[in-house]
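Participant: Compute the structure for the input listed below.
(chains A, B, C and D)
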There are 2 protein chains.
Amino acid sequence: MVKNTGSTPRREESLSRDKIIEASIALLDSSGESGLTFRALAERLATGPGAIYWHVANKSDLLTAACDAIVARTLDAPATQTTPKGIIRALALAMFDAIDAHPWIGSALTRAPGELPTVRILERLGQQVRAIGVREDAQWATVSALLSYILGVSAQNAANAHIGRERGVDRSAFLGQVSTMWLQLDPDEYPFTRSVAGHLVMHDDRVDFVEGIDLILGGIA
Amino acid sequence: MVKNTGSTPRREESLSRDKIIEASIALLDSSGESGLTFRALAERLATGPGAIYWHVANKSDLLTAACDAIVARTLDAPATQTTPKGIIRALALAMFDAIDAHPWIGSALTRAPGELPTVRILERLGQQVRAIGVREDAQWATVSALLSYILGVSAQNAANAHIGRERGVDRSAFLGQVSTMWLQLDPDEYPFTRSVAGHLVMHDDRVDFVEGIDLILGGIA
DNA sequence: ACCTGAACACCGTTCAAGT
DNA sequence: ACCTGAACACCGTTCAAGT
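Facilitator: From the prediction side, this is the model:
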């Protein structure tokens, strides 16, 4: 049995980067993006706001770290698909569901370009695009289109959830509000928007999302 | 000549929603998203912060209004293309350039889903997708894919510009930093990301962007 | 009807001081 | 090495009071 070599025995409840990130995720999940506050976090961790800065550079660092923890977990799920396109589809859906469960990662993802969370997704997509057999010089464009699309949907879903929370209604009720807003637009100026307003309330986001992925995948072949 | 019918002659410099929005755009263009402050705005307009609230509901309202002003101007440019796909391409490029000139609209766009600025783009895209001859029940999926992709790229470009500004470097210098970061990743875990790191510095964002649009348009036919 | 500006209730971040 | 908590320099928003 290893004895504690230091003089001051470490408490089990001592602060750590991981513990701060876990607490941040809990806070973000329960109270949204505006719920993540150094003061609220400090209270939850039974410490002062300054203590957190010992383990974390700043708020943006904290947010991307929390985001990365979720993304890493999400991508770690074992692949049940076997074809490259199937894996891409599954991967995209896994991200969609993760953002549905943690809307705040949608905005966190887009706010930290080139950072670890985005790179994780980029890499996974890239490996499958290679497996499809896309020519070397076209790989970047393909992967970056997929990534932009996924991030675009993510950000919009996050925004939907955010505004829904603000108005105290759930996601589908919010879409209902948007739909009635669209129906009040000028018929001459906004014919298309009015024509899809009805579809907006009934549609399944998840299905539409994969259709978009398939559209891009279809453009490859 | 029409006489002023009211008793108090209106000053020419009196506050108005439009004047507030113009001042906001100037502030956002010169100092970024964090530069838009009710206090800074009040100073620029030679008034108090409270006065602004008479013409504008809150900061989010102000930001979407400023965003909408830019989007409306951008989409008002006369179409030089004649084919539906050509118009879509031109429209997407116009948005790309607008976001390049005013990076803050990237995040403003995604933060106000279903609002006027997004609907303007949606409508334009929708009309052209109809013109292509996409079946009624597939129109929504197509348009929403295009929109999500455009918004996704927008948000990322905005984020790139934002971080670049924070670090005091320009856009391409920032991409250079990301590129060297990617080259330091583990070769076994991140082969694809490393292989495209070089491409990241040399590529033309604008060209890549249209390639993505074409990929989606290709998936339609 | 429209504007003023002080006041309220917050923020992220820093830093001397403690252990 | 790590933590504390007061203090700094801000925010968005409100609202009594003015014209």
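Participant: so after the longest helix along chain A, what's the next helix or strand?
Facilitator: Counting residues, the longest helix in chain A under DSSP state H turns out to be helix A:136-167. Next helix or strand after helix A:136-167 toward the C-terminus (DSSP states H and E): helix A:171-183.
Participant: what about dumping the CA coordinates of that following helix to PDB?
Facilitator: Extracted in PDB, the C-alpha atoms of helix A:171-183 (Å, rounded to 0.1, in the frame of the first residue of the first chain):
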ATOM      1  CA  ARG A 171     -39.000  22.800 -29.000                       C
ATOM      2  CA  SER A 172     -42.100  21.800 -31.000                       C
ATOM      3  CA  ALA A 173     -44.200  24.600 -29.500                       C
ATOM      4  CA  PHE A 174     -41.500  27.000 -30.600                       C
ATOM      5  CA  LEU A 175     -41.600  25.700 -34.100                       C
ATOM      6  CA  GLY A 176     -45.400  26.100 -34.000                       C
ATOM      7  CA  GLN A 177     -44.800  29.800 -33.200                       C
ATOM      8  CA  VAL A 178     -42.400  30.200 -36.100                       C
ATOM      9  CA  SER A 179     -44.900  28.500 -38.400                       C
ATOM     10  CA  THR A 180     -47.700  30.900 -37.500                       C
ATOM     11  CA  MET A 181     -45.300  33.800 -37.900                       C
ATOM     12  CA  TRP A 182     -44.500  32.600 -41.400                       C
ATOM     13  CA  LEU A 183     -48.100  32.200 -42.300                       C
END
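Participant: list the buried ones in the helix or strand following it?
Facilitator: The helix or strand immediately downstream of helix A:171-183 is helix A:191-202, counting by DSSP H and E. Going by neighbour count (16 or more other CB atoms under 10 Å in any protein chain shown), the buried part of helix A:191-202 is A:192-197, A:199-200. Using the backbone N, CA and C atoms, a C-beta is placed for each residue, glycine as well.
Participant: What is the nearest of these to A:Q177?
Facilitator: Distances from A:Q177 to these, taken as CB to CB, are shortest for A:L200 (10.3 Å).
Participant: Any idea which residue of chain A lies closest to chain B?
Facilitator: Nearest residue of chain A to chain B (CB to the nearest CB) works out as A:G152 at 2.5 Å.
Participant: For that residue, which non-adjacent residue is closest in space?
Facilitator: Sequence neighbours aside, B:G152 is the residue nearest to A:G152 in space, at 2.5 Å (criterion: CB to CB, 6 or more residues apart in numbering or on different chains).
Participant: quick one: that neighbour and A:R73, what's the gap?
Facilitator: Per CB to CB, to the nearest Å, B:G152 is found 23 Å from A:R73.
Participant: more crowded one of these two?
Facilitator: Taking other CB atoms under 10 Å in any protein chain shown, B:G152 and A:R73 do not tie; B:G152 has more neighbours (27 against 11).
Participant: low pLDDT regions in chain A?
Facilitator: By pLDDT under 70, the weakly predicted segments of chain A are A:1-13, A:221.
Participant: For it, which residues are neighbours of DNA strand D?
Facilitator: A:14-15, A:46-51, A:53-55 (CB under 7 Å from any atom of the strand).
Participant: dump the residue contacts of A:S60.
Facilitator: Residues counted as contacts of A:S60 (CB atoms under 8 Å, 6 or more residues apart in numbering or on different chains) are A:111-112.
Participant: circling back to that earlier point, tell me the one of the buried residues of helix A:191-202 nearest DNA strand C?
Facilitator: Proximity of these to DNA strand C (CB to the nearest atom of the strand) peaks at A:T193, which lies at 30.9 Å.
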